[in-house]
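In: generate coordinates for the sequence data below:
(one chain, ligands or ions: 1)
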Amino acid sequence: MPNMPRFNFHRPGTMEEALDLVSRFRASVKVMCGGTDLVPKMRAGVAVAENVVSLTRVPGLSTISYRDDDGLVIGGTARISDVARHPDVRRHYPALAYACDKMATVQIRNMGTVAGNLANAAPSADTAAPLLAYGASLVLVERGGRRQVPLEDFFTGPGLTVAEPMEIIEAIRVPAPPLRSGSAYLRVSARSKVDIAAVGVAAALNLDLEGRVIGVRIALAAVGPTPLRARQAEDMLMEQIPDHDLLARAGAACVRTAKPIDDVRASANFRRAMVQTLAQRVLARCGRLARGEDAQ
Ligand SMILES: Cc1cc2nc3c(=O)[nH]c(=O)nc-3n(C[C@H](O)[C@H](O)[C@H](O)COP(=O)(O)OP(=O)(O)OC[C@H]3O[C@@H](n4cnc5c(N)ncnc54)[C@H](O)[C@@H]3O)c2cc1C
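Out: Predicted coordinates for the structure are as follows:
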């Protein structure tokens, strides 16, 4: 294993201090939360930084809060395991709770953060698909400025985002789920549980009193250079009763959106087959939850 390159490690005690540091070292700085992606990448020489700014001592950044009128706010250093077991996440955002519960290992979930998972921008990032399905946004701060970026505009390629080196993800904001809605996420991986997803599908669906779809978002993981919205399938479902036939056709539309590749985790053909199967299952579960037929 290669040696870790030398770098200066900073652990600021306030957000102002953290923003000063990333602004000062912007040409060669990396923000770190759990370090579960960053440290192996620095060791392998894939990520290079003379300065690493850890956010773990910044107070108030690990908070997770929920309000019916405002939705969920996940702080920039909130751990994956804390999100997974948060009662409001489990109750209102089952797709995200499931993703946080099933991804990686206990140790990684206890160290790693949702913000780090998104900023790392792997096409397979397990929290990205559910958060895209929920219409989440990221609050990015820098010294003297703050902006909110919809998650669907955040990813630009594998490992690439619109965030600047001196910007820090302060929080992830997720709208409150509407009445008669359901959400779900499913993933498959090559080596049973502890492995990066070979395919993931998440959806959030909202029905009217007659059972017609009045809102739907579907997101696909690990089948493109970024996590993808399956808009063709979404359009197909809108204002329809989501019966078995329609869900099969929506699954086929998700396959048409997917741009899978052959790699060590799975073949493109296997990925296409899994997108069809997982999309149908996820959408069927969303429908049952929205109709109140399944407990959350
Ligand atoms: C054994 C193993 C198994 C794994 N399994 C999975 C899996 O099943 N599914 C999956 O999706 N991932 C998996 N991962 C990847 C990783 O654990 C997650 O992506 C994790 O959520 C990263 O969070 P972190 O806090 O450790 O990020 P870090 O390593 O601290 O940072 C990752 C990147 O995000 C940036 N960053 C971090 N926090 C912020 C912030 N607040 N603002 C701006 N930029 C920030 C860093 O600069 C860095 O570029 C696995 C990793 C390992 C080592």
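
In: going by C-alpha atoms from here, please, whenever you check contacts or count neighbours.
Out: OK.

In: buried stuff in stretch 274-293?
Out: Buried residues in stretch 274-293, counted by 16 or more other C-alpha atoms under 10 Å: 274-291.

In: got a list of what the residue most central in space within the chain touches?
Out: Using C-alpha atoms, centre = their mean, the residue of the chain that lies closest to the mean C-alpha position is Ala128, 1.8 Å off. By C-alpha atoms under 8 Å, 6 or more residues apart in numbering, the contact set of Ala128 is 117-118, 221, 227.

In: hmm, 7 Å instead?
Out: Applying C-alpha atoms under 7 Å, 6 or more residues apart in numbering to Ala128 gives the contacts 118, 227.

In: torsion angles phi and psi at it?
Out: Here is the backbone geometry of Ala128 (degrees, to the nearest 10): phi -70, psi -40.

In: how much space between it and the ligand?
Out: 8 Å (C-alpha to the nearest ligand atom, to the nearest Å).

In: about what we covered before: among the buried residues of stretch 274-293, name the ones in helices.
Out: 274-290 (DSSP state H).

In: can you give me the distance of the residue of the chain positioned farthest from its centre to Leu138?
Out: No residue in the chain sits farther from the centre than Glu210, which is 31.4 Å out by C-alpha atoms, centre = their mean. Glu210 sits 34 Å away from Leu138 when distances are taken as C-alpha to C-alpha, to the nearest Å.

In: check Asn117 too.
Out: For Asn117 relative to Leu138 (C-alpha to C-alpha), the value is 12 Å.

In: higher neighbour count, these two?
Out: For Asn117 versus Leu138, neighbours defined as other C-alpha atoms under 10 Å are more numerous around Leu138 (26 against 20).

In: could you give me the buried positions within the strand or helix carrying the more buried one?
Out: Using DSSP states H and E, Leu138 maps to strand 137-142. The neighbour-count check on strand 137-142 (16+ other C-alpha under 10 Å) flags 137-142 as buried.

In: mind putting those residues into a markdown table with pLDDT and distance to the ligand?
Out: As requested, the buried residues of strand 137-142 are exported to a markdown table (pLDDT from 0 to 100; distance: C-alpha to the nearest ligand atom, whole Å):
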| residue | pLDDT | distance to the ligand |
| --- | --- | --- |
| Ser137 | 98 | 13 |
| Leu138 | 98 | 10 |
| Val139 | 98 | 9 |
| Leu140 | 98 | 8 |
| Val141 | 98 | 9 |
| Glu142 | 97 | 10 |
